[in-house]
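Engineer: sequence and predicted structure are below.
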Amino acid sequence: MIRRILRLLLGLPLYGAGAALTIEAGLGVDPWTVFAQGISLHTGIGIGWLTNIIGLLVLLLWIPLRQRPGIGTVANILLVGTAMQATLSLVPPVTNPALRVLVLLAGIVLVAVASGIYLGARLGAGPRDGLMTGIRSRWGWPIWLARGTVELSVLTIGWLLGGNVGIGTLAFALLIGPLVHVMMPVFAMRSRTPAGRRPRRSDRDTLEGATPRSSADRAGAF
């Protein structure tokens with residue numbers, strides 16, 4: 001259990017730092033960050049702090065969907081946006097065109113690495129992913145429809161409010177899934193199987209780095 005908590009405490013701040021790098025690149029960000037950016041422009045509240053606030057508000061939507069938060073859910077709300085805000089205060093905006101592309105790609109890769117670290121802990125979905133699975137279980141929508149509807153909605157609202165939609169948004173959408181798929185087995189927690197005992201199915205899944213079966217274990221909406 002301690003190892004799993006340590007993974008949360010490492011992975012979630014790294015996720016926030018990676019998201020902050022995509023912001024500083026200035027080429028476009030993921031849908032939920034576009035949403036936070038748009039609100040930030042009109043309220044003056046930092047994007048990282050708004051990420052925490054939005055996560056808390058999304059968590060309230062779990063109530064009618066009958067979802068139950070875990071330790072990871074609470075940690076997600078507290079740590080991702082805080083790390084994002086800290087990174088934004090330390091890393092200046094990038095202006096060189098080539099460097100902007102490199103920073104964007106570095107941010108996306110860091111988000112994928114962070115996802116591989118913290119998702120393997122399996123201590124509860126992030127508030128946004130829990131919203132998707134809640135819609136699926138409550139209303140019977142397929143995950144792709146629930147995710148697409150929610151993320152397209154927040155992307156559109158964020159863009160109308162002035163959030164940064166661009167090539168970085170497309171790059172994040174195209175790259176994050178395959179990268180997380182690679183990182184999950186790299187950072188999978190190994191189970192110790194006693195000598196002479198055939199691994200249980202759960203052991204084999206862990207040792208093989210099986211990809212998560214629910215959208216709550218996918219990255220991109222944290």
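Structural biologist: Looks like it arrived, so ask away.
Engineer: how close does residue 161 sit to residue 26?
Structural biologist: Residue 161 sits 17 Å away from residue 26, going by Cβ to Cβ, to the nearest Å. Quick note: C-beta positions are derived from backbone N, CA and C, even for glycine.
Engineer: now do stretch 22-30, average pLDDT.
Structural biologist: Throughout stretch 22-30, pLDDT has a mean value of 96.
Engineer: ah, wrong one, I meant stretch 170-177
Structural biologist: Here the average pLDDT along stretch 170-177 is 92.
Engineer: just how off-centre is it within its chain?
Structural biologist: 12 Å (Cα atoms, centre = their mean, to the nearest Å).
Engineer: residue 39: neighbour count?
Structural biologist: Residue 39 has 21 neighbours, counted by other Cβ atoms under 10 Å.
Engineer: give me the pLDDT value at it.
Structural biologist: With respect to pLDDT, residue 39 scores 97.
Engineer: my guess is it meets residue 45, correct?
Structural biologist: Yes - between residue 39 and residue 45 there is a contact under Cβ atoms under 8 Å: 7.3 Å.
Engineer: in the one helix or strand residue 89 maps to, what's buried?
Structural biologist: Element membership for residue 89, per DSSP states H and E: helix 71-90. Across helix 71-90, burial judged by 16 or more other Cβ atoms under 10 Å covers 72-77, 79-88.
Engineer: dump stretch 6-16 to PDB, keeping only the CA atoms.
Structural biologist: The C-alpha trace of stretch 6-16 is given here as PDB (Å, rounded to 0.1, in the frame of the first residue of the first chain):
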ATOM      1  CA  LEU A   6       4.200   6.800  -3.200                       C
ATOM      2  CA  ARG A   7       3.400   6.200  -6.900                       C
ATOM      3  CA  LEU A   8       0.500   8.700  -6.500                       C
ATOM      4  CA  LEU A   9       2.700  11.200  -4.800                       C
ATOM      5  CA  LEU A  10       5.200  11.000  -7.600                       C
ATOM      6  CA  GLY A  11       3.000  10.500 -10.600                       C
ATOM      7  CA  LEU A  12       0.300  13.100 -10.000                       C
ATOM      8  CA  PRO A  13       2.700  16.100  -9.600                       C
ATOM      9  CA  LEU A  14       4.600  14.900 -12.700                       C
ATOM     10  CA  TYR A  15       1.300  14.900 -14.600                       C
ATOM     11  CA  GLY A  16       0.700  18.500 -13.500                       C
END
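Engineer: run the chain-centre distance for it.
Structural biologist: Counting by Cα atoms, centre = their mean, stretch 6-16 comes out at 11 Å from the chain centroid.
Engineer: with stretch 173-193 instead?
Structural biologist: Stretch 173-193 sits 14 Å away from the centroid of its parent chain (Cα atoms, centre = their mean).
Engineer: buried sites along it?
Structural biologist: Neighbour-count burial for stretch 173-193, counted by 16+ other Cβ under 10 Å, picks out 175-176, 179-181, 183-184, 187-188.
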